[in-house]
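*Asks:* I would like to see how this sequence folds:
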Amino acid sequence: MQEVSVKNVVATFKLNKKLDVEKLHKAFKKESTCNKNVFRKKVVVLRSKKPKMSFLIYGTGSVVCTGAGSIKDAKESGRYLTKRFRDVGINVRLSKPVEIQNIVASADLNTKINLRKISIENTEIEYEPEQFPAAIWRLPNNVTALLFQSGKIICAGSKNTEDIVGAVEMLKNKIVME
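*Replies:* Sure, this is the predicted structure:
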């Protein structure tokens, strides 16, 4: 099986009440930024160093966690954030569980790929080398793969690693075995 390395996990969850984003920003002044105009809603961006993640925290209580280096960290992000809030006197809990939205992972086929050749042989591949150095392959299981000439692959779009591993195996069989 091909080694797939998770690079970024995006997760969402909902807190049980509305939040005062200015109060949150003041409570986490050293590690947050506040912008009232982001996405036309009030939002605080809180960056944690350990585990390394960023949280977009909306006044509605909705939270987007980005940058988690593992599915485990992403799934625990809700518990981590509610504990951090309680530490500064903001009593909240999850009203909707943490849900994985996207996983970005990489793999290496350990062989060079002739991108022009595979794009001609496979109509589902987009390859415009003048615009972008990778071929883009949108797979049926919602995984999008960026294929580089070096043999490296970046996959995104899945909510689970099984789909990504399956996509990499399929690509390996289709590309390397041809």
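
*Asks:* List the residues that contact the closest residue to residue 144 other than its chain neighbours.
*Replies:* Computed as CB to CB, 6 or more residues apart in numbering, the closest residue to residue 144 that is not its neighbour in sequence is residue 157, at 4.7 Å. Just so you know, the C-beta spots here come from the backbone N, C-alpha and C atoms, and that holds for glycine as well. Counting by CB atoms under 8 Å, 6 or more residues apart in numbering, residue 157 makes contact with 102, 142, 143, 144.

*Asks:* Turn those into CSV, including pLDDT and distance to residue 75.
*Replies:* Supplementary listing: the contacts of residue 157 in CSV, determined by pLDDT from 0 to 100; distance: CB to CB, whole Å:
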residue, pLDDT, distance to residue 75
102, 96, 14
142, 87, 20
143, 93, 20
144, 95, 23
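
*Asks:* most surrounded residue in those?
*Replies:* Per-residue neighbour counts (other CB atoms under 10 Å) across the contacts of residue 157 peak at residue 143, which has 22 neighbours.

*Asks:* Quickly find the element holding the nearest residue to it once chain neighbours are set aside.
*Replies:* Distances taken as CB to CB, 6+ apart place residue 167 nearest to residue 143, at 4.2 Å, with adjacent residues excluded. Per DSSP states H and E, residue 167 falls inside helix 161-176.

*Asks:* Show the average pLDDT along that helix.
*Replies:* Helix 161-176 comes out with an average pLDDT of 87.

*Asks:* what does stretch 92-100 contact?
*Replies:* 9-17, 19, 61, 65, 71, 74-79, 82, 85-86, 159-160.

*Asks:* Please enumerate the helices of the protein.
*Replies:* For the chain, helices defined by DSSP state H occupy the ranges 21-27, 71-75, 77-87, 115-121, 161-176.

*Asks:* so which of those helices comes closest to residue 150?
*Replies:* Proximity to residue 150 (CB to CB) singles out helix 115-121 among the helices of the chain, at 10.3 Å.

*Asks:* Test my guess that residue 163 contacts residue 141.
*Replies:* Yes - Residue 163 lies in contact with residue 141 (CB atoms under 8 Å); the separation is 4.7 Å.

*Asks:* between those two, which one's more packed in?
*Replies:* Taking other CB under 10 Å, residue 163 and residue 141 do not tie; residue 163 has more neighbours (18 against 14).
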